[in-house]
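Participant: no letters, just coordinates:
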């Protein structure tokens, strides 16, 4: 199993190098046991994504002590009651999608005197079932983020509609990056990262193509 994960990892890294060597891989380790994560850590990879707070605490608390250069990204839906834990534990919050959520992040960041790195998640396909700020509300959220001393806005994130034609959504994200003069785009997952990277993805979030089918628990 370890060799399969490393083979998958090396294939993805090779794809990145061929398409845009500066793109960063967020290894989406949610629902994956520590045994599957360790080969990547021992291989030198340090950027991981989680979406459940309790699971992340359980898996990563000891690993964070051992691998002090870890960079944990929270990529799931943000529940108000868990924001304090997210602010305390994670290095980057990729899924900020409302002013209300951002205000709470700012509050807790100030309490612990931490500058929180965030991405604004955009509902780029305007889908009712998906998280993300609507384009009509993006400017208010953007202005709030850049005006807070407790926040470092890293960029925009999206999960495009599940369609073969994802390029128009990635191109729209690229336009927004230019319009708002932000640094990074987090876009592209297992099924579409090869399309996202050439368009300008700075971070791709890969789970199943790296670890295989998730072991839900």
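Facilitator: Okay, I see it. Because the structure is predicted, anything quoted here is derived from the model rather than measured.

Participant: so what's residue 190 closest to, chain neighbours aside?
Facilitator: Nearest in space to residue 190, with sequence neighbours left out and distances taken as Cβ to Cβ, 6 or more residues apart in numbering, is residue 209 at 3.8 Å. Placement of C-beta: from N, CA and C, glycine included.

Participant: isn't the one you found up against residue 12?
Facilitator: Yes. Residue 209 is within contact range of residue 12, at 6.6 Å (criterion: Cβ atoms under 8 Å).

Participant: tell me, what's touching these two both at once?
Facilitator: residue 193 (Cβ atoms under 8 Å, 6 or more residues apart in numbering).

Participant: which strands and helices sit next to the longest helix seen in the chain?
Facilitator: Using DSSP state H to assign secondary structure, the helix with the most residues in the chain is helix 2-19. The contact analysis (3 or more Cβ pairs under 8 Å, 6 or more residues apart in numbering; DSSP states H and E) places helix 2-19 against strand 24-28, helix 34-43, helix 193-199, helix 208-211.

Participant: quick one: residue 177 and residue 207, what's the gap?
Facilitator: 24 Å (Cβ to Cβ, to the nearest Å).

Participant: sorry, wrong one. I was asking about residue 39.
Facilitator: 15 Å.

Participant: who has more neighbours out of these two?
Facilitator: residue 207 (21 against 17; other Cβ atoms under 10 Å).

Participant: quick check, the more buried one in contact with residue 28.
Facilitator: Yes. Counting by Cβ under 8 Å, residue 207 touches residue 28, with 3.4 Å between them.

Participant: tell me where the protein has strands.
Facilitator: Per DSSP state E, the chain carries strands over the ranges 24-28, 47-50, 71-74, 92-96, 116-122, 151-158, 184-186, 203-206.

Participant: these: which one's closest to residue 62?
Facilitator: strand 71-74 (13.2 Å; Cβ to Cβ).

Participant: with mean pLDDT and distance to residue 150 added, can I get the helices and strands packed on helix 2-19 in a markdown table?
Facilitator: Shown next, in a markdown table, are the helices and strands packed on helix 2-19 (pLDDT from 0 to 100; distance: least, Cβ to Cβ, whole Å):
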| stretch | mean pLDDT | distance to residue 150 |
| --- | --- | --- |
| strand 24-28 | 98 | 23 |
| helix 34-43 | 95 | 30 |
| helix 193-199 | 97 | 30 |
| helix 208-211 | 94 | 33 |
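
Participant: can I get these in CSV with distance to residue 163?
Facilitator: Output for the helices and strands packed on helix 2-19, formatted as CSV (distance: least, Cβ to Cβ, whole Å):
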stretch, distance to residue 163
strand 24-28, 20
helix 34-43, 29
helix 193-199, 11
helix 208-211, 18
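
Participant: these: which one's closest to residue 3?
Facilitator: Closest to residue 3 of the helices and strands packed on helix 2-19, according to Cβ to Cβ: helix 34-43, at 8.2 Å.

Participant: what's the angle from the closest one to helix 2-19?
Facilitator: Here helix 34-43 points in a direction 50 degrees away from that of helix 2-19 (axes from the mean of the first three to the mean of the last three Cα atoms, to 10 degrees).
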